[in-house]
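Engineer: next comes the sequence, and after it the predicted model I'd like to discuss.
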Amino acid sequence: MYFPAYRARRMRRNATMRNMVRETHLHVEDMIYPMFSAFGENIKNEIPSMPGIYQQSIDNIVIEAKEVHALGIPAVILFGIPETKDAVGSDAYCAQGIIQNTVRAIKAAVPDMTVITDVCMCEYTDHGHCGVIKDGDVDNDETLKLLAAEALSHAQAGADIIAPSDMMDGRIEAIRDILDDNGFENIPIMSYAVKYASAYYGPFREAADSTPQFGDRRSYQMDPANRREAMREAQLDVQECADFLMVKPALAYLDIIRDLRDNFDLPLVCYNVSGEYSMIKAAAANDWIDEDRLILETLLSMKRAGADLIITYHAKEAARLLST
């Protein structure tokens, strides 16, 4: 096919034609909305680096969960900010912990909402790392015991999906075993299979109060330079019986999303992380971009790369845009 016999613009000449031949579609059902649950009552503190996103007490979390459900967004993922922190993140696996109580409240108020819980230790430890510290680093195998206990407590509270984000070796198998041994064999695991040690997480650490008090997380999160390693990480999680695979962050790692889509047939999730969200908000605040168009274009790029589901702070905005 060559010009002038073939003219590609024939298929773009009006909105109806463009809609008919559109290859990739973004739906409200594709999105998962993150929420930050804080200890206390009547709390709704906007996160300075993430306009429109809040640390909220459970009473306000429930109000927003109802709003999210009314918009047609099928799921939320929860992150907790406990009253107190300690070296072993005790609140993470406490039956009356912040996340456990938040799950119960949401499921009571919005039974049809799918509640996903982030399983990690960084929000609950006083040192800000994702597990037990030994000799200045996270002890992988000791941390697995705590992650398994945390996952079980979430399932017992009523969580629909468990999402471990810690990047410890063997965590999917440890969580699958404890869930199965306690009668939760039907609870899926959404693995943060490919999670890079990224500078895009900065605003999240403010939101979740989870900045490491020493060092960084590069001994357990992946090197941004590595592509082949992502396939090994994902394959390990498949072998350990993960039900979903996730790539985090999303926008700078679209090639990795495509690699996983081409190599694995599990549902694929990507996390449109805080730094990606905040960059759009900052540019919009300066009138440098068309915010609405850029939100949808950004999310569409993730679907085009191969993601089935997108965890995004833009979920409510995108749902409203898609409904107009």
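Structural biologist: Everything's here; your move.

Engineer: in the chain, what helix or strand scores lowest on average pLDDT?
Structural biologist: Here the helix or strand of the chain ranked lowest by mean pLDDT, DSSP states H and E is helix 202-208, holding a mean of 79.

Engineer: show me what the longest helix along the chain is packed against.
Structural biologist: Longest helix in the chain, counting residues (DSSP state H): helix 140-157. On a contact count with 3 or more Cβ pairs under 8 Å, 6 or more residues apart in numbering; DSSP states H and E, helix 140-157 meets helix 98-109, strand 114-119, strand 161-164, helix 171-181. Where you see a C-beta, it was placed from the backbone N, CA and C, and this is true even at glycine.

Engineer: name the residues of it that are buried.
Structural biologist: In terms of neighbour count (16 or more other Cβ atoms under 10 Å), helix 140-157 has its buried residues at 140, 143-155, 157.

Engineer: kindly report the same for stretch 89-109.
Structural biologist: Burial within stretch 89-109, assessed by neighbour count using 16+ other Cβ under 10 Å, is assigned to 89, 91-94, 97-107.

Engineer: and if you look at stretch 314-323?
Structural biologist: 314, 315, 316, 317, 318, 319, 321, 322.

Engineer: output the below-cut-off pLDDT ranges for this structure.
Structural biologist: 208-210, 214-215 (pLDDT under 70).

Engineer: mind doing that once more with 80?
Structural biologist: By pLDDT under 80, the weakly predicted segments of the chain are 1, 128-129, 205-219.

Engineer: how about the strands in it?
Structural biologist: Ranges of strands within the chain are 31-38, 44-47, 50-56, 75-81, 114-119, 133-134, 137-138, 161-164, 190-195, 244-248, 268-272, 309-312, based on DSSP state E.

Engineer: now the longest one against strand 50-56, angle please.
Structural biologist: With axes from the mean of the first three to the mean of the last three Cα atoms, to 10 degrees as the basis, strand 31-38 and strand 50-56 are set at 50 degrees to each other.

Engineer: cool, the fourth one as well?
Structural biologist: Taking the same axes, to 10 degrees, one finds that strand 75-81 is oriented at 70 degrees with respect to strand 50-56.

Engineer: quick one: strand 75-81 to chain centroid distance?
Structural biologist: Put simply, strand 75-81 sits 9 Å off its chain's centre (Cα atoms, centre = their mean, to the nearest Å).

Engineer: what residues does it touch?
Structural biologist: Residues from elsewhere that reach strand 75-81 (Cβ atoms under 8 Å, 6 or more residues apart in numbering): 32-39, 55, 65, 68, 91-92, 97-99, 102-103, 106, 113-118, 123-124, 160-161, 163, 207-209, 311.

Engineer: paired strands for it, with orientation please.
Structural biologist: As defined by DSSP bridges, the strand partners of strand 75-81 come to strand 31-38 (parallel), strand 114-119 (parallel).

Engineer: of all those, which one is nearest residue 239?
Structural biologist: For residue 239, the closest of those is strand 114-119, at 19.1 Å, according to Cβ to Cβ.

Engineer: and that closest one, what's buried?
Structural biologist: Buried residues in strand 114-119 (16+ other Cβ under 10 Å): 114, 115, 116, 117, 118, 119.
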